[in-house]
Structure formats: structure tokens, C-alpha cells
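Chemist: What follows is a protein structure lacking sequence information:
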């Protein structure tokens, strides 16, 4: 837990925007690899994908942050912030006069993959007092899972502040059961995995702490057919394909005619 608090303290004292984003990415990594969220003995979740939301009026103005009281203050570290209307759940890490929370976009509960709204619904069905729930320390350290962490942009932002900053992070990219829904233009898996190393965290093609061979290994497990407009015509749509190392070794890893369904949706 001290390692996480040290990163928050580092964030408090940093004024360089690029370095602040670096620190937020590192906090994301720690949340995804070294912590679980335990509401009670029967409700424990593992974060799979989180988005960082940080607002300090003196040095980091991100107006996408809700700026509710529960996201701010010395006593909010490790507690939940429940979106009004039960539309989402954040884990708060603020230790001072600034807003700092991390939206849980995807999580795992009893081997079930949950999206943001489903997690919120399950929490609501516990029929717990919301004020008590938000005052409970729920962040629990666990042994590191040593999983690769990928960074991308946050989804569905209303404001332009830090729109291109890679403040969303995820693990288990190759697991289709999670049904990750990325920001438009950042097609599932393909764009994130093809990131090249860069020193600019504002660039989605930027920094990840894994080698090119490891990226290639994960890429070989993704089936392009899952997000291709030509899928109904498979296997007659193209003879320019290369198969990967996914289940059954029959996933299409490369295809000369691949065209993302997400790109088509954006044209509407």
C-alpha cells in the first residue's frame, strides 16, 4: 500500500504535465496488478481496466473529472465514489485538496467479466447504505499478477481536456470475454497492441513497458475477424491471411482485406 501512496505523493509534488501523466499511468498499473477491491467477504472484484481522473486547480485542469466531494480530501484514499444514478464506480486515492479517482471500466467478479454499468448494478443490489459504502476502506493489496499493462485514451470524454492523453489502462487484452469497448478510432486490440515505444504519453502510440516480441506474441492471439466488416463472408472474403496462436490456432492474425467495423460505425 505504501508504494501506491508514494506514487500519489509523487503526483502531488509534480508540476510537469508529461511527468504527471506518467505517474497516473503507473498508478493505473499498480491498481491493475497489485490490488483488489473488497466490499465485503462475498463481494470482491479484480480491476481489469481503469481510467484516471485527476483535477488540481493549480497544476492539472481536467474538466472531465466530476469534482464531487467524495473524490477529494485527505481521508478518501482507498474508498469508493459511486456515481449518482449508479452509472459507475471509482476507487479514490486523493490524500489532499485535489480530486483523484479511477473509474473501473471493466472488472472481474467470481470469474465473471463485468462492464462499468453491470458492476454498478451489482453493487446497488447489495442494498448497502451508499454513505456507509463510500466511507469503507475497500482497496486491498494482493500479490502481483505480473500481467502486461497497456495504456490508451479514455472513452467517451465530454471535454477536450487531456482527450489524447493515455490515461486509461488495461490488462488481459487478448481475452475476448472482457468485451472491451475502446474509444472510437481505437479498434479493439489492434491499435493498442501495435503501439510503438515513445516518450510522449499524449500519443496513444506511445510508451508501454514490454518488448516488441511480447507485443507480437499477444497480437498473434487476436482474431481480426471479430472486428471485421467482411466477417459474414469468411472464409471466402480473402486468401491473403495468416493464422495465429489463439485457441485452435485458427484465429486470423493478419489479413490483406481487414476493415474494422468500428471504423464503419464512425461513418454513420
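Modeler: Looks like it came in fine. Predicted, not measured: the structure shown is a model, and the values here were computed from it.

Chemist: Give me the mean pLDDT for stretch 62-71.
Modeler: Averaging pLDDT along stretch 62-71 gives 93.

Chemist: What residues sit buried inside that stretch?
Modeler: In terms of neighbour count (16 or more other Cβ atoms under 10 Å), stretch 62-71 has its buried residues at 62, 64-66, 70-71. Heads up, the C-betas are built off the backbone N, CA and C, glycines and all.

Chemist: Quick one: residues in contact with it.
Modeler: Applying Cβ atoms under 8 Å, 6 or more residues apart in numbering, the external contacts of stretch 62-71 come out as 53-55, 76, 79, 81-84, 90, 92, 94, 99-101, 134, 154, 157-159, 161-162.

Chemist: low pLDDT regions in the stretch 151-268 of the chain?
Modeler: Residues of the stretch 151-268 of the chain that meet the criterion pLDDT under 70 lie in 185-216, 218-219, 227, 247-248, 260-268.

Chemist: ranges for the strands of it?
Modeler: Applying DSSP state E, counting those that start in this stretch to the stretch 151-268 of the chain gives strands spanning 168-170, 241-243, 252-255.

Chemist: Could you pull up the residues touching residue 176?
Modeler: Residues in contact with residue 176 (Cβ under 8 Å, 6+ apart) are 223, 226.

Chemist: re the thing from before, please tabulate the strands of the stretch 151-268 of the chain in TSV, including the columns distance to residue 138 and mean neighbour count.
Modeler: Listed next are these as TSV, based on distance: least, Cβ to Cβ, whole Å; neighbours: other Cβ atoms under 10 Å:
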stretch	distance to residue 138	mean neighbour count
strand 168-170	19	26
strand 241-243	43	14
strand 252-255	39	18
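
Chemist: continuing past the longest strand anywhere in the chain, what's the next helix or strand?
Modeler: In the chain, assigned by DSSP state E, the strand with the most residues is strand 43-55. Note on strand 43-55: by DSSP states H and E, the next helix or strand toward the C-terminus is strand 79-82.

Chemist: What strands line up against that next one, and which way round?
Modeler: strand 89-92 (antiparallel) (DSSP bridges).

Chemist: can you give me the end-to-end distance of stretch 131-150?
Modeler: 34 Å (Cα to Cα, to the nearest Å).

Chemist: May I see the buried residues of that stretch?
Modeler: Buried, per 16+ other Cβ under 10 Å, within stretch 131-150: 133-134, 138-139, 148-150.

Chemist: Narrow those residues to those in strands?
Modeler: 139, 150.

Chemist: neighbours around the residue nearest to residue 136 when sequence neighbours are not counted, how many?
Modeler: Leaving aside its sequence neighbours, residue 136 sits nearest to residue 79 (Cβ to Cβ, 6 or more residues apart in numbering; 6.5 Å). A count of nearby residues for residue 79, using other Cβ atoms under 10 Å, gives 22.

Chemist: tell me which strands and helices the longest strand of the chain is in contact with?
Modeler: The contact analysis (3 or more Cβ pairs under 8 Å, 6 or more residues apart in numbering; DSSP states H and E) places strand 43-55 against helix 17-34, strand 35-40, strand 89-92, strand 99-109, helix 116-124, strand 168-170.

Chemist: partners of the last one, with directions?
Modeler: On the basis of DSSP bridges, the sheet neighbours of strand 168-170 come out as strand 43-55 (antiparallel), strand 150-152 (antiparallel).

Chemist: would you turn those into a markdown table with distance to residue 245?
Modeler: Listed next are the strands paired with strand 168-170 as a markdown table, based on distance: least, Cβ to Cβ, whole Å:
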| stretch | distance to residue 245 |
| --- | --- |
| strand 43-55 | 22 |
| strand 150-152 | 18 |
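
Chemist: what's the least confident stretch among those strands?
Modeler: strand 150-152 (a mean of 84).

Chemist: any idea how far that one is from the chain center?
Modeler: 7 Å (Cα atoms, centre = their mean, to the nearest Å).
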